[in-house]
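Asker: From the sequence below, what's the structure:
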Amino acid sequence: MEEEFINLLRSTNREGIENLIDFLKKSDFFKAPASTRFHGCYEKGLMEHSMKVYEILEHKVRTSIKPIEISKESIIIIGLLHDICKTNFYKVDYRNAKNALGVWEKVPYYTIDDTIPYGHGEKSVMMITEYIKLTPEEKYSIRWHMGYTEPKEIYSTIGEAYKKYPIALLTHEADLEATYFYNI
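Answerer: Numbers count the residues shown, from 1 in each chain. Purely as a prediction, here's the structure:
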């Protein structure tokens, strides 16, 4: 799956994409979980989640009742990189738990180690733009992919973003589907 992920990114032919791929390879992106205890909370969960979001987003754009004008390259960038902010974000720690025999033992679990506290969607946009240029559709889609899980004080802002860039709404939906339908 890592090779497919990299090939998809390369297919965008974006200036700087090789530097971004090098960053991902040197980081924990391809081994990281997607969360600490919810969806994809296992090794390689982040990569699997990102691939599933891309797959769902591509399908949503292709089958949308209202035509969405967006390039294949943008769908790849949005889907695969929307959660890049989770790179080098989780670490393994240990806690005591009873095993099947009722004996206490140390077991690993994921915890958060946020060394760049810049938010979620906005952090992903920031990290990506250190390597490649993003279109406005890509920026808005990645920034607002968390949708109405954001604080209620900015709901009107999210709604305006979704009206201006419907691909951002589809990205949020794809993220929800990958998380809740596929538990990835």
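Asker: In the chain, mark out all the helices, start to finish.
Answerer: Assigned by DSSP state H, the helices in the chain fall at 2-11, 17-26, 45-63, 72-81, 121-129, 136-143, 155-164, 166-180.
Asker: What about the closest residue to residue 36 other than its chain neighbours, how many residues nearby?
Answerer: Distances taken as Cβ to Cβ, 6 or more residues apart in numbering place residue 110 nearest to residue 36, at 4.5 Å, with adjacent residues excluded. Any C-beta I mention is one placed from the backbone N, CA and C, and that applies to glycine too. Other residues near residue 110 come to 20 when the count uses other Cβ atoms under 10 Å.
Asker: Enumerate every residue touching residue 107.
Answerer: Shown in contact with residue 107 (Cβ atoms under 8 Å, 6 or more residues apart in numbering): 94, 95, 96, 97.
Asker: Which residues are in contact with the last one?
Answerer: The one in question is residue 97. Residues near residue 97 by Cβ under 8 Å, 6+ apart: 104, 105, 107.
Asker: so can I have a markdown table of the helices of the chain showing mean neighbour count, distance to residue 87 and mean pLDDT?
Answerer: Conversion of those to a markdown table gives the following (neighbours: other Cβ atoms under 10 Å; distance: least, Cβ to Cβ, whole Å; pLDDT from 0 to 100):
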| stretch | mean neighbour count | distance to residue 87 | mean pLDDT |
| --- | --- | --- | --- |
| helix 2-11 | 14 | 13 | 97 |
| helix 17-26 | 15 | 7 | 98 |
| helix 45-63 | 21 | 8 | 98 |
| helix 72-81 | 23 | 10 | 98 |
| helix 121-129 | 20 | 7 | 97 |
| helix 136-143 | 24 | 14 | 98 |
| helix 155-164 | 14 | 24 | 95 |
| helix 166-180 | 22 | 17 | 97 |
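Asker: now the ones you listed in a markdown table, with distance to residue 115?
Answerer: What follows is the helices of the chain, written out as a markdown table (distance: least, Cβ to Cβ, whole Å):
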| stretch | distance to residue 115 |
| --- | --- |
| helix 2-11 | 24 |
| helix 17-26 | 15 |
| helix 45-63 | 17 |
| helix 72-81 | 19 |
| helix 121-129 | 11 |
| helix 136-143 | 20 |
| helix 155-164 | 27 |
| helix 166-180 | 24 |
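Asker: re earlier: which of the contacts of residue 107 count as buried?
Answerer: Burial by neighbour count, judged by 16 or more other Cβ atoms under 10 Å, picks out nothing from those.
Asker: any idea which of those residues is the one closest to residue 121?
Answerer: Comparing the contacts of residue 107 against residue 121 with Cβ to Cβ places residue 95 closest, at 30.3 Å.
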